[in-house]
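Novice: Quick one: sequence plus predicted model below, questions after.
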Amino acid sequence: MEGLISLKSIPGLSFQSFPSFNQPPKFFVRRSSMDLPLRRSNFPAIRAQQPETISPKGGEGGDALKVKEWEVGMFQNEVAASQGIRIRRRPSTGPPLHYVGPFEFRLQNEGNTPRNILEEIVWHKDVEVSQMKGKKPLVSLKKFIDNAPPTRDFVGALKAAHSRTGLPGLIAEVKKASPSRGILRENFDPVEIAQAYEKGGAACLSVLTDEKYFKGSFENLEAIRNAGVKCPLLCKEFVIDAWQIYYARIKGADAILLIAAVLPDLDIRYMVKICKMLGLAALVEVHDEREMDRVLGIEGIELIGINNRNLETFEVDISNTKKLLEGERGQLIRQKDIIVVGESGLFTPDHVAYVQEAGVKAVLVGESIVKQSDPGKGIAGLFGKDISV
Ligand SMILES: O=C(O)c1ccccc1NCC(=O)[C@H](O)[C@H](O)COP(=O)(O)O
C-alpha cells in the first residue's frame, strides 16, 4: 500500500501495551492525511450521534476498541494538522510512543503532554464530555429538546442594537475567572451580573460554562435563562463534540461558540448545521488569517468572532481585528453579510471605536466590565456613554 509502512516489519518493535494480542494489529505510520479515506465515522462530532453503539467493555474487544480509538485520534490530528490546526486531540489510549516505538520522534517527545493551555483545556474537555455523555446519552437529551422553550434571535439582537445605538452591539460576558487573569470577581452572582448587563444596554450575554478553567457552569447558564433575562445567551464553551450543542440548547443557550483553532472544517460544517436545526446561532471564532480563510470557505456562517487573544500564548493585541478585516477578506465578509464580533482586550471607548472602524458590528467583552462594582455602569464606561437608552 503506497504511502504506508507496516510496523510489523520493523525489527525490535514490541506491542507490550496490548498483552492480550497474539497477533499484533496491523499498524501503520501514516505519512499524510491522504493515506486513509475520509470516513464520516472518524470524526468526533459525528460519532456523537451514536454514542450508544460504542462498547466500553474490556477484554479483547476492549483492546480492539482502544486500538481503533487510537487510530481515529491519530487520523483526526492528521486531518486537523493538514488544515493548519495546531491543537491536537487527546490521545485516547496513553502515550503514542508505546505503540510507535522509535519510528516517530515527534510523538515520542510530545505525544502525551498538552503543548499549551488551549490544548490542555481541550484534552480535559474530552474526558469531561465522555463522562457527561455516559450519564446523559444523546437520545435522552433529544427528549428534553422537544419541551425546551424556543430560542431567541441572537444575530437579530446584535443587529438591532447596532442600528439603535450606531455602536457595535455588545455581547457582555459573565466571567468569573480565566486562565490568563485568574479570579476576576470574587463576589460573583451570575444572575445579578446578567441583570445588570441587560439594564446597562447589552444586546446579548456570553456565559462561560467551563468549570475547571473559568469557574463557570451550565447551572449559571440555566439560572440566567430561568431568571427571565431577555438578552439572548451565548454558551461560551470549548465545543469538541456535537453532544455539547444539544446539552447547551437544553440549558437555555441561544447561541454556541465554535473555535476554528480546535475544530476541523468538516466538524464546523456539521456543527453549524446542527445549530441551525436546533434554532441556535453559531459564533465561529478565528484568530489568524488562515482560520479566517477556512471559515469564509464554509457555507451558512452568519457570525464570525475575531479573538484578539491568542489562546495558546494569552497575548492580546486588538490590531488583530483590523488585520483580519483588511482587503479581500473584509470585502468577502461584507458581500456575505456576515456580522463580525471583535473579541477580547477591549477596555476603553477608544478600543471600541478602533474595532468599529476596522469593520465589526459587535464586540464581546468580559474582564473590563465584569470587574466593575456595578457591571451595568461598566458598560457605560466602556462605550463612553449610556447605551441603555
Ligand atoms: O480569557 C482567557 O484567559 C482565555 C484563555 C484560554 C482560552 C480562552 C480564554 N478566554 C476566552 C475569551 O476569548 C474571552 O473570555 C472573551 O473574548 C472576553 O475577553 P476579555 O474581554 O478580554 O475578558
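Specialist: Okay, I see it.

Novice: Quick one: name the residues of the stretch 1-150 of the chain near the ligand.
Specialist: 117-118 (Cβ under 6 Å from any ligand atom). For the C-beta atoms, the positions are set from N, CA and C on the backbone; glycine is no exception.

Novice: which regions of the stretch 1-150 of the chain lie under the pLDDT threshold?
Specialist: Within the stretch 1-150 of the chain, the ranges that satisfy pLDDT under 70 run 1-63, 66, 70, 92-111.

Novice: Just give me the longest helix of this protein.
Specialist: helix 59-82 (DSSP state H).

Novice: in that helix, what's buried?
Specialist: Across helix 59-82, burial judged by 16 or more other Cβ atoms under 10 Å covers 63, 65-67, 70-80.

Novice: Need the max-distance pair from the residues you listed.
Specialist: Checked with Cβ to Cβ, those reach their widest spread between 63 and 80, with 25.8 Å between them.

Novice: And for the residue lying closest to residue 173 once chain neighbours are set aside, the neighbour number?
Specialist: Leaving aside its sequence neighbours, residue 173 sits nearest to residue 366 (Cβ to Cβ, 6 or more residues apart in numbering; 3.4 Å). Using other Cβ atoms under 10 Å, residue 366 has 24 other residues around it.

Novice: and residue 366, how far is that from the ligand?
Specialist: According to Cβ to the nearest ligand atom, to the nearest Å, residue 366 and the ligand sit 3 Å apart.

Novice: go on, residue 115?
Specialist: 14 Å.

Novice: give the contact list for that residue.
Specialist: Counting by Cβ atoms under 8 Å, 6 or more residues apart in numbering, residue 115 touches 86, 88, 312.

Novice: Identify the residue spatially nearest to the second one, adjacent ones excluded.
Specialist: Closest residue to residue 88 apart from its sequence neighbours, by Cβ to Cβ, 6+ apart: residue 77 at 4.7 Å.

Novice: Strands along the protein, start to end?
Specialist: Counting by DSSP state E, the chain has strands at residues 4-6, 28-30, 169-174, 177-178, 182-183, 204-208, 233-236, 255-259, 281-286, 303-307, 339-343, 362-365.

Novice: would a markdown table of those strands with mean neighbour count be doable?
Specialist: Output for these, formatted as a markdown table (neighbours: other Cβ atoms under 10 Å):
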| stretch | mean neighbour count |
| --- | --- |
| strand 4-6 | 13 |
| strand 28-30 | 17 |
| strand 169-174 | 29 |
| strand 177-178 | 20 |
| strand 182-183 | 9 |
| strand 204-208 | 28 |
| strand 233-236 | 28 |
| strand 255-259 | 25 |
| strand 281-286 | 26 |
| strand 303-307 | 25 |
| strand 339-343 | 27 |
| strand 362-365 | 28 |
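
Novice: and residue 372, how many residues sit next to it?
Specialist: Residue 372: 17 neighbours (other Cβ under 10 Å).

Novice: Chain neighbours aside, what residue packs nearest to it?
Specialist: Closest residue to residue 372 apart from its sequence neighbours, by Cβ to Cβ, 6+ apart: residue 378 at 3.3 Å.

Novice: which strands and helices sit next to the longest helix of the chain?
Specialist: strand 28-30 (3 or more Cβ pairs under 8 Å, 6 or more residues apart in numbering; DSSP states H and E).

Novice: surely residue 85 meets residue 266?
Specialist: No - between residue 85 and residue 266 there is no contact under Cβ atoms under 8 Å: 11.7 Å.

Novice: These two: who's more crowded?
Specialist: residue 85 (21 against 17).

Novice: Contacts only, for the more buried one.
Specialist: Taking Cβ under 8 Å, 6+ apart, one finds 260-264 in contact with residue 85.

Novice: Kind regards, and thank you for your time.
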